[in-house]
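what follows is a protein structure lacking sequence information:
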């Protein structure tokens, strides 16, 4: 089944689907189609250009930019030239970009635009391994001249000429790629220390591309929307691995600010996003509903009640009474259908949340309104997915059984161990870290969890995040944080309490919902900072924390909290590109606020 | 210091457009406060809302001037209380002479002696107008029209003066001149709220500054602090926090207050 490498699978799929739409991209307000033929042609040209410029099998090339068809085409072009593709987060500062480019030994660097090019200019003197920089959006660079820099158009022209003269060379190169070869380096976000490049092989990717759709099928008629960072394995799963295996259509958003609008236009059949985005949708629905008329509010409340009742039964594998199914169907017709249509969720067959733990209550909420949101668990080192629930078979608070073909066991200390064809080859140029992560063929995940009698996995926390209080109690902050995050007013929370007498929390408020609350209750504020200090807002958050405290044990209760006076940004290193708060950073940057609570 | 104008949680709609999304602001007596923001952020809308120039607005919120609630009042009554407004693009009466224009500013007043004093005061601030009292306003240059518009606003003897982009379309020398006069007016005790695109100039003469984006304030502070802020530098003062190695740069860093 996995005898083929990516270039061969890609070639077959492209030949099979030919004129059908492979990708769509919105530009200046219009959606443009890219067929499988176009995709294939562009990829061949890219590969040919690379080969003509001396790119050898096993060489690596880096890509930086926001999601767009070019990104994927270049990614595929590198792999078809038997190379290793390395994605760099477009939000990275130049120092981080420099690290990844140098560490991966990339000889070509594809950059999106002027902004990204400027990053290279900052470290060009150190990155001596680079042969050429190729820019695919030359806006503002017409006057710029540098022998190292080439425009994407010129690059493609080189490839076209090469293809005309030596057409066989590329096909030969594609044939020679073996499943065991490394196809991409995925740099882990690196919450501690320098990022590490996980080596994923062609076999890993092809296997995963098939496996994710074995348990929850996907078809060539599916539509997905691509907006998570492409250098992250979660986005690669759907924009690349699953795409070339199944031949569905990938839609690229116009920009990151237009995700909501594009979601409505495309109305994907399969959705995927990080928890922060689902939480944001949840808050948005909450706001919309509190703005609606009395009648609509009541209707929504009742419908949600019915939906919850049904979902709770379903999520504990109990039969749903016939009458409840009937009432739920009515609620769906009367309330949820319209709501889902407005968000672009009306065609969603299944939606995934991953890359960070989602609050089980948020998941239940989406299930209740008829959005089939499913949580997946995994890590880059296992090519993305380890466990995932099946459509219609979810369990509250569990991430589901292992993907078919994956073995999971729990070590004596509770650590989750994984064995599967998706387990990576190791960290690039880092045998020590590899030896710590893969032992006897088992991948040590660093997460702690348990498996129940149905074979469902429950994640407790990251091993290194577990808090031991001064009283010697082991506490998993994630569990409490997820309770807090369920409040529509709380965007994010970091629980603190290691070696302390009691637990405290730093709270990031949700600007939209809190501002709305402030307006309705006449709390005056002018800026975000003012809002975080307003006594009424502090009072509001206090009540929300009180609610969360009710459902946890006494030692897990938050005794004090502080609202962070600023929003957190990826560019400032405060959040990971998948919108997880960097704990270590928060601990350091706000240590005075933390100390103030003890 | 006394708070002269207090805006509490106002929300304003332009037909269906939700232009001001919850804004609170207090202006202290004797200061210059600058509101900065992109086109369409809602800067002028705030001034117009306070002046009662948008029908049935603010939709929500309270506006107090000198302790008295003024939202919902007619514009002429607000002017009578001592609030004056110089609209963007000056909007002088082109077919009237300079003198007639100035007198229109005192339309709601009855005290002849006071009007005479203020007429003199306006000419003292803008001597150029004194030479052209009988010229039609429409035939004057942009700078002169701006001076006339401010002069006209002073004729109602305001304690609070709103200036909407006084530097629009003026030469740099004229801009300097106008801003100098604005500080003179402040020194006479008139409180000023300035809406400006010329951020550098506006912040240099004002005491406080606020930045408005999409109908909400995203930043505030005294003008000196704002001028030191990296985001303000990049987006409003045209300074780069990090120079590009190639010597020029078109892209801007992402705003951190979003």
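Thanks, I have it. Since the structure is predicted, the reported quantities are computational estimates derived from the model, not experimental observations.

where do the strands sit along the stretch 101-250 of chain B?
Remark: strands assigned in the stretch 101-250 of chain B by DSSP state E, counting those that start in this stretch are B:160-164, B:191-196, B:208-213, B:216-222.

can I get the ones you listed in CSV including mean pLDDT, mean neighbour count and distance to residue A:491?
All C-beta spots, glycine's among them, are computed from the backbone N, C-alpha and C. What follows is those, written out as CSV (pLDDT from 0 to 100; neighbours: other CB atoms under 10 Å in any protein chain shown; distance: least, CB to CB, whole Å):
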stretch, mean pLDDT, mean neighbour count, distance to residue A:491
strand B:160-164, 91, 24, 36
strand B:191-196, 92, 25, 32
strand B:208-213, 90, 23, 19
strand B:216-222, 87, 19, 17
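
compare these and give me the one nearest residue A:477.
Distance to residue A:477, taken as CB to CB, is lowest for strand B:216-222 among these, at 31.0 Å.

tell me what angle the closest one forms with strand B:208-213.
Going by axes from the mean of the first three to the mean of the last three CA atoms, to 10 degrees, strand B:216-222 is angled at 160 degrees with respect to strand B:208-213.

and strand B:216-222, which strands flank it?
Using DSSP bridges, strand B:216-222 pairs in its sheet with strand B:208-213 (antiparallel).

what lies in contact with the partner strand?
For strand B:208-213, the surrounding residues in contact (CB atoms under 8 Å, 6 or more residues apart in numbering or on different chains) are A:526, B:23, B:25, B:28, B:31-38, B:41-43, B:46, B:202-203, B:217-223, B:226, B:232, B:236, B:257-258.

quick one, which of those residues are buried?
In terms of neighbour count (16 or more other CB atoms under 10 Å in any protein chain shown), the buried residues within the contacts of strand B:208-213 are A:526, B:23, B:25, B:31-37, B:41-43, B:46, B:202-203, B:217-221, B:223, B:226, B:232, B:236, B:257.

nearest to residue A:315, out of the strands of the stretch 101-250 of chain B?
Once these are compared by CB to CB, strand B:216-222 is nearest, at 39.1 Å.

what sits opposite residue 23 in the beta ladder?
By default, I'm working from chain A. Beta-bridge partners for residue A:23, by DSSP bridges, are residue A:34, residue A:250.

look at chain B instead
With DSSP bridges as the rule, residue B:23 is bridged to residue B:10.

can you tell me how far it is from residue B:59?
12 Å (CB to CB, to the nearest Å).

which neighbours do the two share?
Between them, residue B:23 and residue B:59 share the contacting residues residue B:11, judged by CB under 8 Å, 6+ apart.

show the low-confidence segments of chain A, by residue range.
Scanning chain A for pLDDT under 70 picks out A:1-2, A:189-193.

tell me which parts of the stretch 101-250 of chain A are close to chain B?
A:113-115, A:118, A:121-122, A:124, A:139-140, A:144 (CB under 8 Å from any CB of the partner chain).

go through these and flag which are in helices.
A:114-115, A:118, A:121-122 (DSSP state H).

reformat those residues as CSV; add distance to residue A:284.
Below are those laid out as CSV (distance: CB to CB, whole Å):
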residue, distance to residue A:284
A:114, 33
A:115, 29
A:118, 35
A:121, 40
A:122, 38
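
contacting residues around residue A:586?
A:494, A:506, A:568, A:574.

can you tell me the SS state at the second one?
Looking back up the chat, that one is residue A:506. The local conformation at residue A:506, judged by DSSP: H, G, I helix; E, B strand; the rest coil, is strand.

show me where the stretch 151-258 of chain B has helices.
B:172-187, B:199-205, B:223-228, B:230-235 (DSSP state H, counting those that start in this stretch).

no, scratch that, I was asking about the stretch 101-250 of chain A
Under DSSP H, counting those that start in this stretch, the stretch 101-250 of chain A gives helices at A:114-123, A:152-165, A:167-176, A:202-215, A:233-236, A:242-246.

for the ones you listed, which one ends up most surrounded?
Highest mean neighbour count among the helices of the stretch 101-250 of chain A (mean count of other CB atoms under 10 Å in any protein chain shown): helix A:233-236, with a mean of 27.

tabulate the helices of the stretch 151-258 of chain B (JSON lines), appending mean pLDDT and distance to chain A.
Converted to JSON lines, the helices of the stretch 151-258 of chain B look like this (pLDDT from 0 to 100; distance: least, CB to the nearest CB, whole Å):
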{"stretch": "helix B:172-187", "mean pLDDT": "88", "distance to chain A": "22"}
{"stretch": "helix B:199-205", "mean pLDDT": "89", "distance to chain A": "17"}
{"stretch": "helix B:223-228", "mean pLDDT": "86", "distance to chain A": "12"}
{"stretch": "helix B:230-235", "mean pLDDT": "81", "distance to chain A": "11"}
